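Coordinates only, no sequence provided:
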């Protein structure tokens with residue numbers, strides 16, 4: 001964004017991190033010291049300053065912080081009401097809220113009244129910040145119930161190495177973004193145990209089947225899951241050492257305990273909490289999610305990874321597809 005606009009304000013809630021970023025003009029904790037932030041990026045711990053006359057507000061915080069940050073943003077927007085056009089809310093979070101099981105756009109809509117914002121747009125897809133920072137070609141999806149808003153965000157973000165497509169299936173985009181983190185933990189665990197490409201491909205493919213079953217049950221369009229926010233994000237998260245979820249799973253596969261893994265990571269691993277939410281959703285929706293259940297057993301019931309793998313393989317045989325009832329349209 002800093003290459004496409006003259007000034008971008010970055011609101012950071014950790015004041016010590018703000019001071020360091022101002023001094024070094026680097027985000028060393030998340031990107032490393034080799035990346036220098038663009039000169040147009042202004043860092044502040046003052047949300048009021050960050051949001052002053054903002055046309056677009058971009059939420060890029062962990063899922064468990066979305067609601068609290070939105071609640072801090074709300075009174076600022078109320079104070080700014082009537083000064084000009086309301087801002088567009090854009091979020092890039094990939095998770096589900098624990099307890100409520102809400103998608104992130106639903107959380108934002110609960111906190112931020114319609115009269116304070118133009119609407120909400122979700123940006124999702126295969127995108128590690130490390131690759132974006134080096135200008136690797138990246139393609140994402142901008143999804144909103146309001147196609148015109150998605151198109152505005154698309155236009156804002158597009159450049160020679162960053163391309164966005166639009167989508168109106170917010171449910172599918174957010175479900176794909178959240179649940180692929182669960183599968184990525186499994187993919188990392190398989191790598192840590194020494195399994196080969198066949199096994200990893202099987203996990204990703206059948207994992208995608210689980211993700212799409214949940215999404216369609218919630219009202220998503222099936223085709224969304226073969227797009228950037230579905231299979232695209234799943235591939236990059238299940239195969240890259242940049243992925244925190246993959247790295248956490250890899251450590252578990254090598255025998256580390258979950259508390260130690262999370263402590264050593266030093267950053268949020270979204271898939272751990274999402275696994276618990278997805279496990280509960282599967283029961284409430286009556287959706288078969290054996291891989292997700294297996295990962296839940298490993299994370300929350302201390303089940304040995306090899307044991308749950310054996311249990312998965314011993315399940316009774318079944319067709320890959322139910323062609324009699326299959327359709328590219330929602331039921």
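Cool, got the structure. Everything quoted here is computed from the prediction, not taken from an experiment.

alpha carbons only for contacts and neighbour counts from here, please
OK.

quick one, domains of the chain?
8-170, 178-313 (automatic domain parsing).

of those domains, which approaches residue 320 most closely?
domain 178-313 (9.3 Å; Cα to Cα).

what's the span of that closest one from first residue to last?
25 Å (Cα to Cα, to the nearest Å).

Report the distance from it to the chain centre.
13 Å (Cα atoms, centre = their mean, to the nearest Å).

now that domain: mean pLDDT?
For domain 178-313, the mean per-residue pLDDT is 97.

for stretch 150-158, same thing?
96.

neighbouring contacts of that stretch?
Residues from elsewhere that reach stretch 150-158 (Cα atoms under 8 Å, 6 or more residues apart in numbering): 1, 4, 121, 142, 143, 144, 163, 164, 165, 166, 167.

switch to 10 Å and redo it
Contact with stretch 150-158 is made by 1-5, 56, 88-90, 119-123, 139-144, 147-149, 162-168, as judged by Cα atoms under 10 Å, 6 or more residues apart in numbering.

Pull out the buried members of those residues.
56, 88-90, 119-123, 139-144, 147, 149, 162-168 (16 or more other Cα atoms under 10 Å).

What about the contacts of stretch 150-158, which are in helices?
147, 148, 149 (DSSP state H).

with those in mind, which one is nearest to residue 176?
residue 147 (19.4 Å).

ok, now which ones touch that closest one?
121, 153, 166, 167, 168, 169.

cool, and residue 284?
Per Cα under 10 Å, 6+ apart, neighbours of residue 284: residue 278.

Buried residues in the helix or strand where it lies, which are they?
According to DSSP states H and E, residue 284 maps onto helix 270-285. Going by neighbour count (16+ other Cα under 10 Å), the buried part of helix 270-285 is 270, 271, 272, 273, 274, 275, 276, 277, 278, 279, 282.

That one: what's the following helix or strand?
Heading C-terminal from helix 270-285 (DSSP H and E), you reach helix 290-300.

what does that following helix contact?
Residues contacting helix 290-300 (Cα under 10 Å, 6+ apart): 179, 182-183, 185-186, 189, 203-204, 206-207, 210-211, 249, 252, 257-259, 272-280, 282, 301-309, 311-312, 315.

just checking, which of the residues you listed belong to helices?
Short answer: the contacts of helix 290-300 in helices (DSSP H) are 179, 182-183, 185-186, 189, 203-204, 206-207, 210-211, 249, 252, 258-259, 272-280, 282, 305-309, 311-312.

Of the buried residues of helix 270-285, which pair is most distant in space?
Taking Cα to Cα, no two of those sit farther apart than 270 and 282, at 18.0 Å.

returning to what we had before: adding distance to residue 294, write the buried residues of helix 270-285 out as a markdown table.
Output for the buried residues of helix 270-285, formatted as a markdown table (distance: Cα to Cα, whole Å):
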| residue | distance to residue 294 |
| --- | --- |
| 270 | 17 |
| 271 | 14 |
| 272 | 13 |
| 273 | 15 |
| 274 | 14 |
| 275 | 10 |
| 276 | 11 |
| 277 | 14 |
| 278 | 12 |
| 279 | 10 |
| 282 | 13 |
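
which of those residues lies closest to residue 94?
residue 270 (7.3 Å).

Near residue 100, how many other residues are there?
9 (other Cα atoms under 10 Å).

Next: residue 290.
18.

With the one 5 residues further on instead?
Each residue near residue 295 was counted by other Cα under 10 Å, and the total is 26.

wait, residue 95 sits on residue 178?
Yes - at 4.1 Å, residue 95 counts as touching residue 178 under the criterion of Cα atoms under 10 Å.
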